[in-house]
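Undergrad: Everything below, folded, please.
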Amino acid sequence: MTYVLVIHKVKDYAKWKPVYDEDGATRKAKGSKGSSLFRNANDPNHLIVLTEFEDMEKAKSFVESEDLKIAMQKAGVAGRPAVFYLEKLAKSTY
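TA: Predicted structure coming up:
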């Protein structure tokens with residue numbers, strides 16, 4: 001599996017979230033297996049999205065898509081997001 005970690009600020013979380021939810025069908029169609037959403041406890045408009053993909057090719061295709069650019073603009077993403085492509089090496093349980 002491949003993961004895409006996106007860190008960005010939004011102008012208004014309440015406006016961003018419905019657009020993110022609507023975009024779920026697009027993520028799924030582009031190979032997403034699901035995602036997790038986090039936010040900074042000290043700044044509710046500073047978000048981290050971790051999305052799982054079948055493979056790196058599908059992950060990059062989604063991130064580089066015009067669909068994502070349009071959705072981010074519509075949702076009020078402020079500035080340029082930081083994007084990281086990740087491969088899971090191990091998971092520890094305690």
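Undergrad: so where's the protein uncertain?
TA: Across the chain, nothing is flagged by pLDDT under 70.
Undergrad: Now do the helices in it.
TA: 13-22, 24-29, 56-63, 66-75 (DSSP state H).
Undergrad: ok, the closest residue to S61 other than its chain neighbours - contacts?
TA: In this structure, S61 finds its nearest non-sequential neighbour in K30, 6.1 Å apart by Cβ to Cβ, 6 or more residues apart in numbering. Glycine gets a C-beta too; all of them are placed from N, C-alpha and C. If you count contacts by Cβ atoms under 8 Å, 6 or more residues apart in numbering, K30 has them with 53, 58, 61-62, 65, 67.
Undergrad: who wins for neighbours among these?
TA: Most neighbours among the contacts of K30, by other Cβ atoms under 10 Å: F53, with 24 neighbours.
Undergrad: Make sure it is actually in contact with V4.
TA: Yes - the pair F53 and V4 qualifies as a contact (Cβ atoms under 8 Å) at a distance of 6.6 Å.
Undergrad: so what sits against both of the two?
TA: Between them, F53 and V4 share the contacting residues 59, 62, judged by Cβ under 8 Å, 6+ apart.
Undergrad: Work out which residue lies at the spatial centre of the protein.
TA: V49 (4.0 Å; Cα atoms, centre = their mean).
Undergrad: now that one, nearest residue through space, not along the chain?
TA: V6 (4.6 Å).
Undergrad: what's the neighbour count on the one you found?
TA: V6 has 18 nearby residues by other Cβ under 10 Å.
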